[in-house]
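Peer 1: pasting the structure only:
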């Protein structure tokens, strides 16, 4: 379980500073694609997993919807025990109407298979 700054927010410690590390993660990581999101997984030198959530305006033009998807993905990841890697999630349009449980099941299937 991850420690939390607030009840539904992942602590800054577990977030990837994308601008400085995104190109390294993209170059060395493995990309996995599902119907709900694409996920890039890369090794890190930390003892804990780190995450980034990217939801473009192509998913939905409204920021309220994009932030809801980001919160749902963060909540789904927070409840799972994941290996110490860097995870970058790229949401797709199909993730708009999904629940946290559906996202959690999809993440578990991708990472543990």
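Peer 2: Cool, got the structure. Not measured: the values here are computed from a predicted model.

Peer 1: what are the bridge partners for residue 37, then?
Peer 2: Per DSSP bridges, the residues bridged to residue 37 are residue 91.

Peer 1: check contacts around it.
Peer 2: Listed by CB atoms under 8 Å, 6 or more residues apart in numbering, the contact set of residue 37 reads 73, 89-92, 95, 106. Yep, even glycine has a C-beta here, placed from its N, CA and C like the rest.

Peer 1: Could you identify which of those has the most neighbours?
Peer 2: The most crowded member of the contacts of residue 37, judged by other CB atoms under 10 Å, is residue 73 (26 neighbours).

Peer 1: What pLDDT does the model give the nearest residue to that residue once chain neighbours are set aside?
Peer 2: Leaving aside its chain neighbours, residue 73 sits nearest to residue 53 (5.1 Å; criterion: CB to CB, 6 or more residues apart in numbering). Looking at residue 53, its pLDDT reads 92.

Peer 1: Then residue 1?
Peer 2: 46.

Peer 1: any idea which of the contacts of residue 37 is closest to residue 31?
Peer 2: Nearest to residue 31, judged by CB to CB, of these is residue 90 at 9.1 Å.

Peer 1: Which residues lie in contact with the closest one in this structure?
Peer 2: By CB under 8 Å, 6+ apart, residue 90 lies in contact with 37-40, 54-56.

Peer 1: will you turn those into JSON lines that also has secondary structure and distance to residue 21?
Peer 2: Listed next are the contacts of residue 90 as JSON lines, based on DSSP: H, G, I helix; E, B strand; the rest coil; distance: CB to CB, whole Å:
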{"residue": "37", "secondary structure": "strand", "distance to residue 21": "19"}
{"residue": "38", "secondary structure": "strand", "distance to residue 21": "18"}
{"residue": "39", "secondary structure": "strand", "distance to residue 21": "16"}
{"residue": "40", "secondary structure": "strand", "distance to residue 21": "11"}
{"residue": "54", "secondary structure": "strand", "distance to residue 21": "13"}
{"residue": "55", "secondary structure": "coil", "distance to residue 21": "19"}
{"residue": "56", "secondary structure": "coil", "distance to residue 21": "19"}
